[in-house]
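>>> requesting a structural model of the entry that follows:
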Amino acid sequence: MSGRGGGLISVIVVTKGAKDYLSRCLRSLHAQTLPPAEVIVIDNSLDAGFSQKIKNDFPQVKIYSAPMNLFYAASLNKGISISRGEFILCLNDDICLDMNFINKARAGFFVNDRVGMVSGKVLRDSIAAIDSAGLSPDIFRRAKERGYGRPDGRPFGKECYIFGPGGAAAFYRREMLEDIRVCRWYFDEDLIMFYEDLDIAWRAKNYGWKGYYIPSAVAYHARGGSFRPDAGLNKPFARRYLDSKAHAWLIRNRYAVMLKNESVLGLILHIAPVMLFGLLELAYALFRNPGAIGILSDIHWMSAALAKRRGCFPAAGPN
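So this is what the prediction gives:
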């Protein structure tokens, strides 16, 4: 079905088959008042039985069964490459959408023809709090979810321009994705997972695209449901639940995204808080997850990030 302005809507859901999150997500998509033209599931479960169950329960859904775990960035790239929508909604499988989410969120693209990213109001799944009302880099250049953990109230009840959407439920204009694509990639697959949402939003801002927030488009997120134990659901300080490899990615990707996207002036202005936070997170990893330190000793990612900056990105900071 097409949205206003004739644009087809594609939805991409990335899953590892954890618990029953995917079924809940797909049921919420089936109930949308504005159904998408297609729903594409990127299945990283490596379980043929799981893929078959999806096909049996949701025959209208298109499934790509990955031969290996693609993780999040590469999974989204695969989904975008086989989709046909003018507007593309990227979802974690632990997201559940209000029935009017797509219809409401889609309106953000028509506020301005340079709006390339839209966020709805994402609430915590189990407690009355905001999970994300948009995303931006904070003073430490972490990916900061706007309103994270705060009560749902007046500050988050108005439409407004934002830096970009959080990755759990991010709506993109295909024209923007094509404009900022780096070679064959939309999302940077070297990031694997973590910070890929901030990276693409920052890159889009550097190319002159805008993000917009629609509070009437509501979704619910079981934060960490796809990869954390039950005890860690909806809890802050995610790194305590990560294995060594994922912990290393979390540390590394903050610097990689800065190297790719931050202006020289921005780097100078933020160097002190960035390095202070870096020392603290390395100290934490040393005592709680020392295996991450060994993985970080391979610094080839730095030259790769700088090469992408020189070759593909204009020098501009967040605005």
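
>>> in a helix, residue 131, correct?
No. Read with DSSP: H, G, I helix; E, B strand; the rest coil, residue 131 is strand and lies in no helix.

>>> hey, C-alpha coordinates of stretch 255-266 in CSV?
Only the C-alpha atoms of stretch 255-266 are listed here, as CSV (Å, rounded to 0.1, in the frame of the first residue of the first chain):
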residue,chain,number,x,y,z
TYR,A,255,35.8,6.6,18.3
ALA,A,256,35.2,5.3,14.7
VAL,A,257,32.0,7.4,14.3
MET,A,258,33.8,10.5,15.6
LEU,A,259,36.7,10.0,13.2
LYS,A,260,34.4,9.6,10.3
ASN,A,261,31.9,12.4,11.0
GLU,A,262,33.1,15.0,13.5
SER,A,263,34.5,18.4,12.4
VAL,A,264,38.0,19.3,13.3
LEU,A,265,36.6,22.1,15.6
GLY,A,266,34.3,19.6,17.2
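
>>> now do the buried residues in that stretch.
By neighbour count on 16 or more other Cβ atoms under 10 Å, the buried set for stretch 255-266 is 255, 256, 257, 258, 259, 260, 261, 262, 266. Every C-beta, even on glycine, is put in place using the N, C-alpha and C of the backbone.

>>> for the closest residue to residue 242 other than its chain neighbours, helix, strand, or coil?
Spatially, and ignoring its direct neighbours in sequence, residue 242 is nearest to residue 250 (6.5 Å; Cβ to Cβ, 6 or more residues apart in numbering). Secondary structure for residue 250, judged by three-state DSSP, is helix.

>>> what about residue 250, how many neighbours?
20 (other Cβ atoms under 10 Å).

>>> could you do residue 201 as well?
Neighbour tally, residue 201, other Cβ under 10 Å: 31.

>>> which ones are touching the one residue sitting closest to the centre of the chain?
Nearest to the geometric centre of the chain sits residue 167, at 1.7 Å (Cα atoms, centre = their mean). The contact partners of residue 167, taken as Cβ atoms under 8 Å, 6 or more residues apart in numbering, are 72, 90, 92, 135, 196, 197.

>>> before we move on, the earlier item: so which two of the buried residues of stretch 255-266 are the farthest from each other?
Within the buried residues of stretch 255-266, 256 and 266 form the most distant pair, 15.1 Å apart (Cβ to Cβ).

>>> could you list the domains of this structure?
9-221, 241-312 (automatic domain parsing).

>>> which of those domains has the lowest average pLDDT?
Sorting the domains of the chain by mean pLDDT places domain 241-312 lowest, at a mean of 83.

>>> got the contact list for stretch 250-267?
Counting by Cβ under 8 Å, 6+ apart, 137, 141-143, 188, 190-192, 194-196, 198-199, 202-203, 206, 238-239, 242, 270, 274, 278, 281-282, 285, 292, 296, 301-302, 304-306, 308-309, 313, 315-318 sit against stretch 250-267.

>>> count of residues packed around residue 138?
For residue 138, using other Cβ under 10 Å, the count is 12.

>>> before we move on, what about the one 3 residues further on?
Neighbourhood size, residue 141 [other Cβ under 10 Å]: 25.

>>> that one reaches residue 270, doesn't it?
Yes. Under the criterion of Cβ atoms under 8 Å, residue 141 makes contact with residue 270 at 6.0 Å.
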